[in-house]
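[1] got a structure for you, letters missing:
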């Protein structure tokens, strides 16, 4: 069966087109391959460009010279070529041998056939090749699947997922990012092979999952494939169907979480925090005598569970600590007054207060209408926050008009008592009872010192 060919109007970056030209002029086939072609057909700008070629690694090096060729994956046929300053991975057409570790083929065999090369790829929409003249070559129906927004494996889904279990998460991630429907047999095989995810490294899982939850279509994917996600995060299982029996909630815990996910900005930290912000609720549930459900202490429990999960996935320290803080603080009141603004700035710092605002907005937006009045309060808090930052209001030791050296010079010895005086001064500034002025602070410090010395 002849491949489908389609012309596209797209200008490749000059380093890419020059690389393709050099290989073609040297007698080899060469194409942009995979995700870049998919994105071009979807009207998106690719993040990077991979090239597949009939040239073997030694031939690629011969064409471009050792100075510009780096054998970064030579055993799998990959040479990174620096073309006009741009590093581009160039991989020889190949046929993969058997997979024994659900990730790497035992051996690879080079081939001169593009069709044999794309046959080993994961999904039809990623098995497209783009030539230098703008011709897209499609051996497995990827163009039609892109048009129909369908994700299917190249060939037998059972074989593709057995080769690399990460393809299960990649399928779900592509659907969450692009809104693709997963073809029936491909979808069924995802459920059948879900337990194979347990054999993947924590880092590989989190890399895909963190991108998945940032996709605009993540909520329906998390809902439909819930049983798949419980394999890698079993802690979420009690959330589904757990009714809250509270007038401020119209959804069970899981559906509330999905509703919040759809409105929070799609950054990994915010999406992670909102996904886990109520994960501890089922274990904290109490039904009051009035028939109303309560979840006392659930932010703290949820934060501890979040920390455990993120440690398991070896998430970087900054993401982990920030997400845990946001989960723990998601019920902290942000009252629209200057004292509250200063207090939260002192407690968390500007960056994390702004993140907390987003978490609280998303959380409240997924409540019942009984909580809607709290959204304008958050808007007023944010306006006061903006004003406080513009006015450079004091909310930390660094922004105080005096420092420890000033206190020592007035006779207060260094140590814990000096620290407690600074803390009291800062608290009085934050509470609005003491101006952040050098003379006022020194006078107040003298009074405090005389009372405790």
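    Cool, the structure landed. Predicted model, so just to flag it, every value in this text is computed and none were measured.
[2] buried sites along the host helix or strand of residue 389?
    Secondary structure from DSSP states H and E places residue 389 in helix 374-390. With burial defined by 16 or more other C-beta atoms under 10 Å, the residues of helix 374-390 counted as buried are 374, 378, 381, 382, 384, 385, 388. (Each C-beta comes from the backbone N, C-alpha and C, glycine too.)
[3] For these, give me TSV that also has distance to residue 405 and pLDDT.
    Formatted as TSV, the buried residues of helix 374-390 follow (distance: C-beta to C-beta, whole Å; pLDDT from 0 to 100):
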residue	distance to residue 405	pLDDT
374	44	91
378	39	97
381	35	98
382	36	98
384	32	97
385	30	97
388	26	93
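[4] tell me the domain ranges of the protein?
    Using automatic domain parsing, the domain parsing of the chain gives 4-148, 149-232, 263-390, 397-452.
[5] With distance to residue 251 as extra columns, can I get those in a markdown table?
    Listed next are the domains of the chain as a markdown table, based on distance: least, C-beta to C-beta, whole Å:
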| stretch | distance to residue 251 |
| --- | --- |
| domain 4-148 | 32 |
| domain 149-232 | 12 |
| domain 263-390 | 7 |
| domain 397-452 | 37 |
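[6] Which among those domains is found nearest to residue 245?
    Nearest to residue 245 among the domains of the chain is domain 263-390; the distance by C-beta to C-beta comes to 3.6 Å.
[7] what's the first-to-last distance across the closest one?
    Terminal residues of domain 263-390 are spaced 28 Å apart (C-alpha to C-alpha, to the nearest Å).
[8] Equivalent analysis for stretch 402-422, please.
    9 Å.
[9] try stretch 402-411
    Note: stretch 402-411 ends 14 Å apart using C-alpha to C-alpha.
[10] can you tell me the average pLDDT over it?
    Stretch 402-411 comes out with an average pLDDT of 93.
[11] For that stretch, which outside residues touch it?
    Outside stretch 402-411, the residues that touch it by C-beta atoms under 8 Å, 6 or more residues apart in numbering are 397, 414, 418, 421, 422, 425, 438, 441, 442, 445, 446, 449.
[12] swap the cut-off to 7 Å and go again
    Applying C-beta atoms under 7 Å, 6 or more residues apart in numbering, the contact partners of stretch 402-411 are 414, 418, 421, 422, 438, 441, 442, 445, 446.
[13] Next: stretch 287-300.
    The contact list for stretch 287-300 (C-beta under 7 Å, 6+ apart) reads 244-246, 278, 280-281, 284-286, 327-328, 330-331.
[14] what residue is smack in the middle of this structure?
    By C-alpha atoms, centre = their mean, the chain has its centre lying nearest to residue 268, at 3.0 Å.
[15] For it, which non-adjacent residue is closest in space?
    Closest residue to residue 268 apart from its sequence neighbours, by C-beta to C-beta, 6 or more residues apart in numbering: residue 210 at 4.8 Å.
[16] Okay, and that neighbour sits in which element?
    Assigned by DSSP H and E, residue 210 falls within helix 202-212.
[17] Off-centre distance for that helix?
    8 Å (C-alpha atoms, centre = their mean, to the nearest Å).
[18] Helix or strand next in line after that helix, which one?
    Taking DSSP H and E, what comes next after helix 202-212 is helix 218-224.
[19] ok, residues contacting that following helix?
    172, 175, 176, 212, 229, 258, 261, 262.
[20] Contacts for whatever helix or strand residue 146 lives in, please.
    Residue 146 belongs to helix 142-148 when elements are defined using DSSP H and E. Residues outside helix 142-148 that contact it (C-beta under 7 Å, 6+ apart): 4, 6, 38, 41, 42, 124, 125, 127, 128, 136, 152.
[21] could you point out which element follows it?
    With elements assigned by DSSP H and E, the helix or strand that comes after helix 142-148 is strand 150-151.
[22] So of the contacts of helix 142-148, which two are at opposite extremes in space?
    6 and 152 (18.5 Å).
[23] The two - which one has more neighbours?
    residue 152 (24 against 13; other C-beta atoms under 10 Å).
[24] Which positions within the helix or strand where residue 342 lies qualify as buried?
    Using DSSP H and E, residue 342 sits within helix 338-348. Buried residues in helix 338-348, counted by 16+ other C-beta under 10 Å: 338, 340, 341, 342, 343, 344, 345, 346, 348.
[25] for stretch 315-324, same thing?
    Buried, per 16+ other C-beta under 10 Å, within stretch 315-324: 315, 319, 320, 322, 323, 324.
[26] and it, average pLDDT?
    Averaged across stretch 315-324, the pLDDT comes to 98.
[27] thinking again about what came up before, now for the residue nearest to the centre of the chain: which residues touch it?
    Residue 268 touches 210, 214, 319, counting by C-beta under 7 Å, 6+ apart.
[28] okay, those residues in a markdown table with distance to residue 184 next?
    A markdown table is the format used below for the contacts of residue 268 (distance: C-beta to C-beta, whole Å):
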| residue | distance to residue 184 |
| --- | --- |
| 210 | 28 |
| 214 | 27 |
| 319 | 36 |
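[29] if we can go back for a sec, if I look at the residue nearest to residue 268, how far off is residue 143?
    30 Å (C-beta to C-beta, to the nearest Å).
[30] ditto for residue 5
    9 Å.
[31] Between these two, tell me which one has more neighbours.
    With neighbours defined as other C-beta under 10 Å, residue 5 and residue 143 compare such that residue 143 has more, 21 against 12.
[32] List the backbone torsions phi and psi for the residue nearest to the centre of the chain.
    In terms of degrees, to the nearest 10, the main-chain angles of residue 268 are phi -60, psi -40.
[33] Identify the residue spatially nearest to residue 41, adjacent ones excluded.
    Distance criterion C-beta to C-beta, 6+ apart; nearest residue to residue 41, sequence neighbours excluded, is residue 146 at 5.4 Å.
[34] Tally up the residues packed near the one you found, please.
    Quick note: residue 146 (other C-beta under 10 Å) scores 21 neighbours.
[35] what's the spacing between it and residue 407?
    Residue 146 is 68 Å from residue 407, by C-beta to C-beta.
[36] go on, residue 189?
    In this view, residue 189 and residue 407 are 69 Å apart by C-beta to C-beta.
[37] do residue 259 as well
    Taken as C-beta to C-beta, the span from residue 259 to residue 407 is 51 Å.
[38] ditto for residue 183
    According to C-beta to C-beta, residue 183 and residue 407 sit 71 Å apart.
[39] One more: residue 329?
    Applying C-beta to C-beta to residue 329 and residue 407 gives a distance of 31 Å.
[40] again, but for residue 191
    66 Å.
[41] Who has more neighbours out of the two?
    Of the pair residue 191 and residue 407, residue 407 is the one with more neighbours under other C-beta under 10 Å, namely 24 against 11.
[42] and the gap between the more buried one and residue 30?
    70 Å.
[43] just for the chain, where's the confidence low?
    Low-confidence segments of the chain (pLDDT under 70): 1-2, 97-106.
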